[in-house]
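Peer 1: 3D model of this:
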Amino acid sequence: QVQLLESGGGLVQAGGSLRLSCVVSGRTFSSYIMGWSRQLPGKEREIVASISRTGGTTYYADSVKGRFTISRDNAKNTVYLQMYTLNPEDTAVYYCGARGGVGLTSSSAGAYEYWGQGTQVTVSS
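Peer 2: Alright, predicted model coming up:
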């Protein structure tokens, strides 16, 4: 059984920064492609960032490119999402996801096998 536990969410003013963390337990962390997703009101869940098993390849949604950075530490079974220049439109619950299979990164939320419970990020104007 794979378990994912996110942390690091909170309330921040526009222009501020946050770093989310996700610790994975239960299986070999380095065997998973990891991703961060969010679901904005009235919209489908979107993958905002994804990272390959070794960390050498990353994907970012256009909406966060240049502002968010995904990274992982396989020795700590942890994936991070560093968020800069936050704006109110980034307000959402952020979820950490894991998937196996082929490929380097994954931009499709439906492809992920496991999800955490989420952490709330609120950006005030």
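Peer 1: so what's the closest residue to Ala92 other than its chain neighbours scoring on pLDDT?
Peer 2: Among residues not flanking Ala92 along the chain, Arg38 sits closest, at 3.9 Å (Cβ to Cβ, 6 or more residues apart in numbering). Where C-beta positions appear, they are placed from N, C-alpha and C, glycine not excepted. With respect to pLDDT, Arg38 has a value of 97.
Peer 1: direction included, what does whichever strand or helix holds Arg38 pair up with?
Peer 2: Per DSSP states H and E: Arg38 is located in strand 33-39. Using DSSP bridges, strand 33-39 pairs in its sheet with strand 46-51 (antiparallel), strand 92-99 (antiparallel).
Peer 1: could these go into a markdown table alongside mean pLDDT, distance to Met34 and mean neighbour count?
Peer 2: What follows is the strands paired with strand 33-39, written out as a markdown table (pLDDT from 0 to 100; distance: least, Cβ to Cβ, whole Å; neighbours: other Cβ atoms under 10 Å):
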| stretch | mean pLDDT | distance to Met34 | mean neighbour count |
| --- | --- | --- | --- |
| strand 46-51 | 97 | 5 | 24 |
| strand 92-99 | 96 | 6 | 23 |
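Peer 1: in TSV, list these along with distance to Thr119.
Peer 2: Converted to TSV, the strands paired with strand 33-39 look like this (distance: least, Cβ to Cβ, whole Å):
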stretch	distance to Thr119
strand 46-51	13
strand 92-99	6
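Peer 1: who's the one residue sitting closest to the centre of the chain bridged to?
Peer 2: For the chain, the residue nearest the mean C-alpha position is Trp36 (1.9 Å; Cα atoms, centre = their mean). For Trp36, the beta-bridge partners are Ala49, Cys96 (DSSP bridges).
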